[in-house]
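1. below is the sequence, then the predicted model.
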Amino acid sequence: MDIQMLAEEIPVEGEHSLEGIDFITSGEQYLAFLLGEEQYAIDILCVEEIRSWENPTQIPNSPNYIKGVINMRGIIVPIVDLRMKFNIGKVTYTDTTVVIVLTVETTDKTRTIGFVVDAVSDVLNVDKSEIKPAPAFGGYVPQNYLEGLVNAGDNVVTILNVKALQAVEPHKLS
Amino acid sequence: MSVDLSQFIPSFLEESFEGLELMESSLLNLEQGDDETINSIFRAAHSIKGGAGTFGFNGVTEFTHLVETLLDEMRDGRRNIEQNDIEILLESVDCMRLLIEAIRDETECDSNKITETSMLLEHTLALDNSVPANANENSVSTSASDSDDALSKWQITFIPEHHLVQTGNDPLFLFNALADLGELILDANCKELPALNDIDAEELYISWQLTLSSKASEAEIREVFEWVADECQLVITKEETIDELASIEPEATGDSSKEAIINGQVESTAEQHVSSAISADKNSSPPPSEKTANKAKNDLGSIRVGVDKVDSLINLVGELVITQSMLSELGNNFDLSKVEKLNAGLEELLQNTKELQESVMRIRMLPISFAFNRFPRLVHDLSKKTGKEIELILKGEQTELDKTVMEQIGDPLVHLVRNAVDHGIEPAEVRIAAGKSPKGTITLNAFHQGGNIVIEINDDGGGINRQAVFDKALEKGIVDASTTLTDTQIFDLLFEPGFSTAKELSDISGRGVGMDVVKKNIQSLGGRIQVESETGVGSTFRINLPLTLAILDGQLVKVGSETYIIPLITIVESLQPQKDLINRVSGDMVLYRLREDNVPVIPIYSLFNIASEFKDIESSLLVVVEADGQKIGLMVDDLLAQQQVVIKSLNDNYQQVEGISGATILGDGSVAMILDVSGIILMAHKKSELDQKHKKNMHFTPTQQISEGANV
């Protein structure tokens, strides 16, 4: 494809309609994914990449939901199975099982951690005002991981707090 | 034009600290005295003053000015160099360091010491000074910054290089900025302008002669030219006699005459301008690529690398590129006849990568003189304090060591040298009585041995009193009266927390904190420390350190489906256990008889809770490793290759894991854990304690854990 053709591809205002392309939005974008039958979402700006599942190297004496570490372009990245951590769904590793790698910057540290989920489903445009607080009863997911709930069509999507996700609870030799 | 100078502050700080180090070491050598040394001290002080002036650190400028004045007198031979003066100058260097550290940490520094020392300096200057005007010294320090009250006339010759505009600089901006400072008269010189046909539109052919009447100081004017300083010839002179502009005459003459008094002689005024021009140039040329990371405010984190190292790196990259293109061409139309060529190419690639790796590692290497440099001063001060005459000998200063290791070995070394002065070297009377020279000798020696660097701290003092150490240990309840200890065991007691044999505490050492910290620091670097001592002859502390923390030689081992790496340096030997040498003692502890020693066997699989192919100890392999003076046998399924591995921290994205010192990436892209042998020993201890407790509670008869593993 030569440059001329490329230039024609670029939409020009008035000539091509931008309607239907939702990269211009007022709200925040969230990456939605599946844990078992349930939909969850995280802030898309924290997503470093989405990888297919690969067998990680085990970390000795780690909790069972920490599957190990992988090599992501020279960086050692720990892998957390969110289904095991939150006790949701069945833990199987299939073709759609993916690892969402998040990079979260906190005041003292930047961590890159991969999270195993059943599938990535959608990108949601959510206005802050649409996020409702999660009810504080029931459920396996500890309250501090929940940022809120949002309605997407017929489904309710739980938005997770990335800061809470990146905090690795220290564990000791059992 | 306003330039954000703050981005250069880290470079200034770094240069200043280097300058201070240079001043200090030169001052100590000055005791023998020569012109070249005093010149280099003067230059260092002057650079710091100039730099501080640029950034507006008036405290430093004022103080350094006093130091500089004293040095200037020494340099001109107007003052004899006396021991007393050197002490004051050393004190001043300390003060300057305090001041600069305060800037770095953005704190207020303790002004008492500064005031005291500057009083002392002024006193010294006033005391026996042949130049009468120096009584005004006090006003000098302030006049440097206050002189901008008066209008003065500056002649600026600005000859830009032809490509100046291509770097995004526009002389017009500079002139506008100058015009903001005061009244500007421009005179353009078009002599170099070529014929119209030859003119390159992107080149600049004009130079300027500027006349500026302004209250601004030279530093302020230079600041305008900060960005183009590398790309032009710039001469800034201050006109001493101003009569063209009547309006500024009174102040200006006042100012210039004042300056003449300050410097005592007229020619030195000119000299000062020239030299400050040099220093300003120097300060405006740090590489602009150096970014200031806010996080690393206190850690400058840059490194100076010799050009030769960089050149060799570039050569290697060149070779690598050639090999790569050769291989990719081979891959384009590959058939089996070219296998040999492919192998040769891969071989070359291996060679290239190895060399590249070594070169890159060499960049992190610095001569150990960086760590040794502080010792002449330290010993000088300590010998004054203790009244012992001590000579310090430094050997092997060019031995190179990884930067990180260097930074962390400094404090332990200081501690050991202090100990050597305080406890090692005896007072002169004792030495004479023992038939030794009254002057004690401390030797710092560094050399390479295998993949390690060895640092020795040797003193020719009285040696370690074994009985005193033993008694002290008895008193502290560390040992029983009945135990007999070998020399090594006795010396190891020195590294116990809270241990000190000094009869009385001094402010130098002997508080009993430290030696344990020394050992801990060295161990955290993957090194070890040994002590040798002979009564009446002296002691030697020998530190063994790995050359680098970033790469280690490892033995790959297999346990179950996992690959682990054992640092080669810890491995004593690897062997296939023989049945009759395996002993089980006290229930479930397995010992392996290795010649004279009984080595406890630790099965990695059970310690790490992983599945293993392991059936019984006889069919596994035993890797005997040693750490902290203890040997243990690690049970593994298989020995794989030996290779160098790059250490990656688990802590970055996860957390420290017990028994694991880090991770690395193997050739196939997978991650392997590096075992931390001393950590494993600790874990095994804890585990056995836990097991014992557990069994006591459950009233179980001790089971043989390892043979049990065979059934699971």
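-> Nice, I can see it. Numbering: from 1, shown residues only, chains lettered A, B, ... in the order given.
2. can we go C-alpha only for contacts and neighbour counts from here?
-> Fine.
3. who are the packing partners of the helix or strand hosting B:Val518?
-> Taking DSSP states H and E as the definition, one finds B:Val518 inside helix B:515-524. Applying 3 or more C-alpha pairs under 8 Å, 6 or more residues apart in numbering or on different chains; DSSP states H and E, we find helix B:515-524 packed against helix B:403-419, strand B:528-534.
4. give the contact list for A:Asn125.
-> A:Thr25, A:Gly27, A:Glu28, A:Gln29, A:Tyr30 (C-alpha atoms under 8 Å, 6 or more residues apart in numbering or on different chains).
5. show me the shaky parts of chain A.
-> For chain A, the stretches with pLDDT under 70 are A:1-26, A:107-108, A:137-138, A:168-174.
6. which pLDDT value belongs to the residue nearest to the spatial centre of chain B?
-> The centre of chain B sits closest to B:Glu407, judged by C-alpha atoms, centre = their mean, with a distance of 4.4 Å. Here the pLDDT value assigned to B:Glu407 is 81.
7. what is the burial count for the nearest residue to it once chain neighbours are set aside?
-> In this structure, B:Glu407 finds its nearest non-sequential neighbour in B:Ala371, 7.7 Å apart by C-alpha to C-alpha, 6 or more residues apart in numbering or on different chains. When neighbours are counted by other C-alpha atoms under 10 Å in any protein chain shown, B:Ala371 registers 19.
8. confirm B:Ala371 sits in a helix?
-> Yes: counting by DSSP: H, G, I helix; E, B strand; the rest coil, B:Ala371 is located in a helix.
9. what residues does chain A put near chain B?
-> A:56-61, A:69-71, A:74-78, A:110-113, A:168, A:170, A:173 (C-alpha under 8 Å from any C-alpha of the partner chain).
10. give me the buried subset of those.
-> Neighbour counting by 16 or more other C-alpha atoms under 10 Å in any protein chain shown classes A:56-61, A:69-71, A:75-78, A:111-113 among these as buried.
11. among those, which are in strands?
-> Among these, the members found in strands (DSSP state E) are A:Val69, A:Ile70, A:Asn71, A:Ile75, A:Ile76, A:Val77, A:Pro78, A:Arg111, A:Thr112, A:Ile113.
12. okay, and the beta partners of the nearest residue to the fourth one once chain neighbours are set aside?
-> Spelled out, it's A:Ile75. Closest residue to A:Ile75 apart from its sequence neighbours, by C-alpha to C-alpha, 6+ apart: B:Lys648 at 7.9 Å. Here B:Lys648 sits in beta bridges with B:Ala663, going by DSSP bridges.
13. over to B:Thr211?
-> Beta-bridge partners, per DSSP bridges, of B:Thr211: B:Gln155, B:Ile185.
14. residues contacting it?
-> B:Lys153, B:Trp154, B:Gln155, B:Ile156, B:Leu184, B:Ile185, B:Leu186 are the contacts of B:Thr211 under C-alpha under 8 Å, 6+ apart.
15. residues near residue 153, how many?
-> Let's take chain A. Neighbour tally, A:Gly153, other C-alpha under 10 Å: 7.
16. hmm, I had chain B in mind actually
-> Using other C-alpha under 10 Å: B:Lys153 sits among 25 other residues.
17. surely it is within a helix?
-> No: counting by three-state DSSP, B:Lys153 is not part of a helix but strand.
18. and it, how far is that from B:Thr211?
-> Using C-alpha to C-alpha, to the nearest Å, B:Lys153 is found at 7 Å from B:Thr211.
19. and for B:Glu239?
-> Distance from B:Glu239 to B:Thr211, counting by C-alpha to C-alpha: 10 Å.
20. mutual contacts of the two, please.
-> B:Lys153, B:Trp154, B:Gln155.
21. got those residues as JSON lines, with pLDDT columns?
-> Converted to JSON lines, those look like this (pLDDT from 0 to 100):
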{"residue": "B:Lys153", "pLDDT": "77"}
{"residue": "B:Trp154", "pLDDT": "78"}
{"residue": "B:Gln155", "pLDDT": "80"}
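22. need the pLDDT of the residue lying closest to B:Phe55 once chain neighbours are set aside.
-> Distances taken as C-alpha to C-alpha, 6+ apart put B:Leu5 closest to B:Phe55, at 6.9 Å, once the chain neighbours are dropped. pLDDT recorded at B:Leu5 is 72.
23. please apply the same query to B:Ile81.
-> pLDDT, read off for B:Ile81, is 74.
24. give me the neighbour count for it.
-> 19.
25. could you do B:Ala433 as well?
-> 10.
26. kindly report the same for B:Gly318.
-> Counted with other C-alpha under 10 Å, residues neighbouring B:Gly318 total 13.
27. so which elements touch the host helix or strand of it?
-> Here B:Gly318 is covered by helix B:307-332, with elements defined by DSSP H and E. Packing contacts for helix B:307-332, counted by 3+ C-alpha pairs under 8 Å, 6+ apart, involve helix B:339-363.
28. redo that, cut-off 6 Å
-> Helix B:307-332 is packed against no helix or strand, with contacts defined by 3 or more C-alpha pairs under 6 Å, 6 or more residues apart in numbering or on different chains; DSSP states H and E.
29. mean confidence for it?
-> The pLDDT scores in helix B:307-332 average 88.
30. now do the buried residues in that helix.
-> B:Leu313, B:Leu316, B:Val317, B:Glu319, B:Leu320, B:Thr323, B:Gln324, B:Leu327, B:Leu330.
31. does B:Pro194 sit in a helix, a strand or a coil?
-> coil.
32. do you know how far the closest residue to it other than its chain neighbours is from B:Asn176?
-> Once flanking residues are discounted, B:Pro194 sits nearest to B:Tyr205: 7.9 Å by C-alpha to C-alpha, 6+ apart. Going from B:Tyr205 to B:Asn176 by C-alpha to C-alpha gives 19 Å.
33. same question for B:Asn29.
-> Distance from B:Asn29 to B:Asn176, by C-alpha to C-alpha: 49 Å.
34. one more: A:Asn87?
-> Counting by C-alpha to C-alpha, the gap from A:Asn87 to B:Asn176 is 68 Å.
35. which residues of chain A fall in strands?
-> Under DSSP E, chain A gives strands at A:28-35, A:38-43, A:47-52, A:66-72, A:75-81, A:98-105, A:110-117, A:119-126, A:146-152, A:155-160.
36. B:Leu494: neighbour count?
-> Residues near B:Leu494, counting by other C-alpha under 10 Å, number 23.
37. pLDDT value on it, please?
-> Value listed for B:Leu494 in the pLDDT field: 80.
38. check the gap between it and chain A for me.
-> To chain A, B:Leu494 is 31 Å away according to C-alpha to the nearest C-alpha, to the nearest Å.
39. neighbour count winner among A:Asn87 and B:Asn176?
-> Taking neighbours as other C-alpha under 10 Å, A:Asn87 and B:Asn176 compare with A:Asn87 leading, 16 against 13.
40. now the more buried one: phi and psi?
-> For A:Asn87, the backbone dihedrals (degrees, to the nearest 10) come out as phi 60, psi 50.
41. any idea how far the most centrally placed residue in chain A lies from chain B?
-> What sits nearest the mean C-alpha location of chain A, by C-alpha atoms, centre = their mean, is A:Ile42, with 4.8 Å. Applying C-alpha to the nearest C-alpha, the value for A:Ile42 to chain B is 19 Å.
42. how far away is the residue nearest to B:Glu407 from chain A?
-> 30 Å.
43. give me the contact list for stretch A:56-75.
-> A:Ile76, A:Val77, A:Pro78, A:Ile79, A:Val80, A:Asp81, A:Met84, A:Lys85, B:Phe608, B:Val671 (C-alpha atoms under 6 Å, 6 or more residues apart in numbering or on different chains).
44. please check those and keep the buried ones.
-> A:Ile76, A:Val77, A:Pro78, A:Ile79, A:Val80, A:Asp81, A:Met84, B:Phe608, B:Val671.
45. burial measure for A:Lys109, as a count.
-> Neighbours around A:Lys109, by other C-alpha under 10 Å: 12.
46. ok, B:Phe334 next?
-> 12.
47. so it: helix, strand or coil?
-> Quick answer, by three-state DSSP: B:Phe334 is coil.
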